[in-house]
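S.K.: What follows is a predicted structure for the sequence shown.
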Amino acid sequence: MKHTQTLDTPRLLGIVWPFIAVVGLMAMLGCISLYALSAVRSYVAGESFWSKGQKDAIYYLNLYADSRDEEVFQKYLRAIAIPQGGHQLRLALDRPEPDLAAARAGILKGNNHPDDMQNIVWLYRHFSDVSYMSRAIALWKTGDTYLVQLDELAQRMHAAQQAGTATEADMARWKHQIMLINDAVTPAAMAFSAALGEGSRAVQYLLVVSNLLVALLLIVLALWRTRKLLNQRHAFAYALQLEKDRAQVTLASIGDGVITTDVEGAILYMNPAAERLTHWSADQAMGLPLAALFNLLDENAEKDSFTLIDHIVSGDLRGGSEHAKLIQRLDGSTVSVTLVGAPIQTDQHISGTVLVLHDMTQERQYIANLSWQATHDALTGLANRREFEFRLEQALTALQRYPGCHSLMFLDLDQFKLVNDTCGHAAGDELLRHICAVLQSGLREGDTLARLGGDEFGILIENCSTTESEKLAETLRQTVQNLHFVWKGRPFVTTVSVGMVHLTQAPITLEASMRAADMACYLAKERGRNRVQVYHTADSELTVRVDEMAWVQRLHMALEENRFCLYAQEIAALSIQDGPPGGHIEILLRLSDETGRIIMPEVFIPAAERYGLMTALDRWVVQNVFKVVRQTLDQPDQGPLAVCAINLSGISIGDEEFLEFLREQFSLYAIPAELICFEITETSAIANLGSAIRFINELKGLGCHFALDDFCAGMSSFAYLKHLPVDYLKIDGSFVKDMLDDPINRAMVEVINHIGHVMGKRTIAEFVETPLIEQALLEIGVDYAQGYLIERPQVFTCDSLRRHLGRLRPLRFGVPDTFR
């Protein structure tokens, strides 16, 4: 996380740079001051030597005038050389390009210390224009003028003395001139000295003021910097307190217990969650060892040798993996927790530890609830199907190892839907709870009662003889029948159908046992309800039901894997003028099993009708027929297409959603309705007469044709035929195939054909397998023939729709055709 400026660690240079600058300024000013004062001192010292040399020169020159001693004159020369050195210095420095070598020579000649040479030259070169310095230099020049005059006078005196021409009068005159020069040069020397003094004092005053100002600046900077550091310190303290408060609030608000200790394990902090979890207050626990708060137990409530501090310090309790434990508090109570801990490091050294305790009580309760919900029914509290099958699987496994006899029962309430429909689901739920109570009360301890779904229950009776288990089943049935259920003053009679299968040592799978009990229950309902039906392998009716149930799963898989296929069989017109120009074919349904073998419809259609799969099969056929018709229409060089007859089940005829499905398919594939003829059986049409009439009229309004299949197979009344607006009557094959040998069958064919023609319908004879039967049908006046003589069924393709131009053929689907 990026820190704010307030919390940045201040740099050392950022703190002390003002002081360094001021100290540097003071050091520089001090050096300049010392240098300047040293230079001024050098000039003062030089002026002292200059004055002394000037005085000595006048003295010795006066003495020479009186004594005319050569040695005295030499002393004069040595004395005058000192002020002459100063003169040489000034002349060297006054040049446009100062002659530093001559200047140094003049300084040494003027009797100044060699170390003062640099100071004298520096002060003259850089401060000669400053007021005090310029005035002193002017006086210096004036003094040098008199000294030049003095030296010139001394040279004339010496020259005259050497020549012997000097008179007393000359000596007197010269002495008078010496006195005049002395009188003139002395004030100049004094003024020069005074100017240097004033300059020295001015410099000293300036330096004092400058140092005081710098000192004042240093004080101001120190105060400013100190104030800024104090403000920053306050900001640090405030930010630290803010972070601490935020951490305290955060730790106080989280649900996990947080405990911090020093490196030895003494407690330094506990948040409120930790206080609630351990039953210790933070004030009481402060300074105590961590082990004093609670004991660690393993999952079996045995004391654990787990050493918390050592494991935390070593990093064994870091996050990323759960460390579930039980903690035992002082009052003996235990709570399940997960532990996460980590060492606290300061400057790469461990200074303490932090331990986080997460209370797992709620999670474990949730897990227990979820586990219960996964294995029990929410409404009744009984075991659900999953748990029931698990227990049944265990019982079957035990039978393979140990002899025994168990019994499995399926119970299905009779007319339970009546309660829901008349009184609502609340009444149905209450009835289920009552049923569960009475069933549970009639079972032995250890028997399993489960709700398998809706109003279906399962009972597993273990280690009980077949006789006793059958008596128990009958007792349960009677108990349910004796239950008097009343809802809001309305009584209901409750009965139950029970299917029972005995589980012995013979190997039997879970699926087989469940299916057998289900079949037995189904058969109990078919045989009148409110009875116990025991499954026996020799029961032929049960065997049929078992086979049908096996087909249900196979049909579902076949639909998912698209393993159904379509065949087409021609229906030929017996007179050349009959039939549409493209012909007429009937579409027949086949099933390709898992091995690729073709299964005839009479094998799987009964199971599909019994278990509600016919509408799904009808939809599959319609969609696939429409696809082939659409592909044929999209091909170039179109000729007349055959009318396709599609068989529909009675369930689909009465299904409003299926009717809407057909409208959608006609719209989706843009199929001309005149190319489709739907076949319905006589029995399904009579059983759903109102729905069948409405269904036929709706589709005939689109242009579809209709055929009534298997007419007279059920010996229905001809009166119904007047109300069914079909276009074709298909004479059942049972009359046609034996019509040459049985006069009654021939008479039936003649009657059906005659009545059909009277009603304006065309007739189709099935099972036309010999030329003699075809000839007999032609004599009777039947319009169309269908059978192996005409054509054996072929795979339905686009060619099927154009193969028999000029002949009429309808299409069949969904019910078994004995002529396949």
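M.R.: On my side now, so go ahead.
S.K.: Pop the domain breakdown of the chain in here.
M.R.: 20-225, 257-365, 376-537, 553-801 (automatic domain parsing).
S.K.: Which of those domains sits closest to Q248?
M.R.: Taking Cβ to Cβ, domain 257-365 is the member of these nearest to Q248, at 8.3 Å. Placement of C-beta: from N, CA and C, glycine included.
S.K.: That closest one: end-to-end distance?
M.R.: For domain 257-365, the first-to-last residue distance is 19 Å (Cα to Cα, to the nearest Å).
S.K.: low-confidence ranges in the stretch 551-700 of the chain?
M.R.: 576-582, 638 (pLDDT under 70).
S.K.: okay if I get the domains of the chain as a markdown table plus mean neighbour count?
M.R.: Converted to a markdown table, the domains of the chain look like this (neighbours: other Cβ atoms under 10 Å):
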| stretch | mean neighbour count |
| --- | --- |
| domain 20-225 | 17 |
| domain 257-365 | 16 |
| domain 376-537 | 17 |
| domain 553-801 | 18 |
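S.K.: and of the ones you listed, who's closest to T250?
M.R.: Among those, the nearest to T250 by Cβ to Cβ is domain 257-365 (9.0 Å).
S.K.: Take the domains of the chain and write them to a markdown table, including distance to E243.
M.R.: Listed next are the domains of the chain as a markdown table, based on distance: least, Cβ to Cβ, whole Å:
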| stretch | distance to E243 |
| --- | --- |
| domain 20-225 | 26 |
| domain 257-365 | 15 |
| domain 376-537 | 49 |
| domain 553-801 | 63 |
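S.K.: Any idea which of those gets closest to Y238?
M.R.: domain 20-225 (19.9 Å).
S.K.: So for the closest one, mean pLDDT?
M.R.: The average pLDDT within domain 20-225 is 75.
S.K.: So in this structure, which strand runs the longest?
M.R.: What stands out as the longest strand in the chain, according to DSSP state E, is strand 334-346.
S.K.: so F796 sits right up against Q569, yeah?
M.R.: No. The criterion here is Cβ atoms under 8 Å, and F796 misses it with Q569 at 9.4 Å.
S.K.: where do the contact lists of those two overlap?
M.R.: Each of I585 lies in contact with both F796 and Q569 under the rule Cβ atoms under 8 Å, 6 or more residues apart in numbering.
S.K.: residue contacts, V438?
M.R.: V438 is in contact with 479-480, 483, counting by Cβ under 8 Å, 6+ apart.
S.K.: Repeat that for Y402.
M.R.: So Y402 contacts nothing (Cβ under 8 Å, 6+ apart).
S.K.: how near is it to L503?
M.R.: 13 Å (Cβ to Cβ, to the nearest Å).
S.K.: same deal with D421?
M.R.: D421 sits 36 Å away from L503, taking Cβ to Cβ as the criterion.
S.K.: And P606, by the same measure?
M.R.: When distance is defined by Cβ to Cβ, P606 is 29 Å away from L503.
S.K.: by contact count, what packs against the longest helix along the chain?
M.R.: Longest helix in the chain, counting residues (DSSP state H): helix 168-253. Under the contact criterion of 3 or more Cβ pairs under 8 Å, 6 or more residues apart in numbering; DSSP states H and E, helix 168-253 touches helix 12-67, helix 131-163.
S.K.: Determine the angle, from 0 to 180 degrees, between the last one and helix 168-253.
M.R.: Think helix 131-163. Helix 131-163 runs at 150 degrees relative to helix 168-253, counting by axes from the mean of the first three to the mean of the last three Cα atoms, to 10 degrees.
S.K.: chain center to stretch 347-367, what's the gap?
M.R.: On the basis of Cα atoms, centre = their mean, to the nearest Å, stretch 347-367 sits 25 Å off its chain's mean C-alpha point.
S.K.: what does that stretch rub up against?
M.R.: Residues outside stretch 347-367 that contact it (Cβ under 8 Å, 6+ apart): 255-263, 265, 268, 273-274, 277-278, 290, 308-309, 312-313, 317, 324, 327, 335-345.
S.K.: what about it, how long is it end to end?
M.R.: Start-to-end, stretch 347-367 (Cα to Cα) is 44 Å.
S.K.: swap in stretch 639-654?
M.R.: In stretch 639-654, first residue to last residue: 36 Å (Cα to Cα).
S.K.: ditto for stretch 642-653
M.R.: In stretch 642-653, first residue to last residue: 24 Å (Cα to Cα).
S.K.: what separates that stretch from the chain centre, distance-wise?
M.R.: Between the centre of stretch 642-653 and the centre of its host chain there is 52 Å, according to Cα atoms, centre = their mean.
S.K.: Could you do stretch 737-753 as well?
M.R.: Centroid separation for stretch 737-753 versus its chain: 77 Å, with Cα atoms, centre = their mean.
S.K.: try stretch 252-264
M.R.: How far stretch 252-264 lies from its chain's middle: 29 Å, per Cα atoms, centre = their mean.
S.K.: what's the span of it from first residue to last?
M.R.: 24 Å.
S.K.: How about residues contacting that stretch?
M.R.: In contact with stretch 252-264 (Cβ under 8 Å, 6+ apart) are residues 251, 267-278, 289-290, 293, 309, 313, 337, 344, 350-359.
S.K.: out of those residues, which are inside strands?
M.R.: 267-270, 337, 344, 350-359.
S.K.: Among the residues you listed, which one sits closest to W620?
M.R.: Nearest to W620 among the ones in strands among the contacts of stretch 252-264, counting by Cβ to Cβ, is H358 at 56.0 Å.
S.K.: ranges for the strands of the stretch 501-650 of the chain?
M.R.: Ranges of strands in the stretch 501-650 of the chain, per DSSP state E, counting those that start in this stretch, are 532-534, 564-570, 572-573, 584-592, 598-599, 643-647.
S.K.: Next, format those as a markdown table and append distance to L523.
M.R.: Shown next, in a markdown table, are these (distance: least, Cβ to Cβ, whole Å):
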| stretch | distance to L523 |
| --- | --- |
| strand 532-534 | 5 |
| strand 564-570 | 29 |
| strand 572-573 | 45 |
| strand 584-592 | 26 |
| strand 598-599 | 25 |
| strand 643-647 | 29 |
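S.K.: right, so of those strands, which gets closest to I181?
M.R.: So among the strands of the stretch 501-650 of the chain, strand 564-570 is nearest, using Cβ to Cβ, at 150.9 Å.
S.K.: what's the angle between that closest one and strand 584-592?
M.R.: Taking the same axes, to 10 degrees, one finds strand 564-570 and strand 584-592 inclined to each other by 150 degrees.
S.K.: circling back: how about the strands of the stretch 501-650 of the chain, which one is nearest R201?
M.R.: Of all the strands of the stretch 501-650 of the chain, it is strand 564-570 that lies closest to R201, at 128.0 Å by Cβ to Cβ.
S.K.: counting contacts, what elements does the closest one pack onto?
M.R.: With contacts taken as 3+ Cβ pairs under 8 Å, 6+ apart, strand 564-570 sits against strand 584-592, helix 614-633, strand 794-795.
S.K.: Mind listing the strands it pairs with, and their directions?
M.R.: Neighbouring strands of strand 564-570 in its sheet, by DSSP bridges, are strand 584-592 (antiparallel), strand 794-795 (antiparallel).
S.K.: so can I have TSV of those strands showing distance to L242?
M.R.: Shown next, in TSV, are the strands paired with strand 564-570 (distance: least, Cβ to Cβ, whole Å):
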stretch	distance to L242
strand 584-592	78
strand 794-795	85
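S.K.: quick one: which of these is nearest H757?
M.R.: So among these, strand 584-592 is nearest, using Cβ to Cβ, at 18.0 Å.
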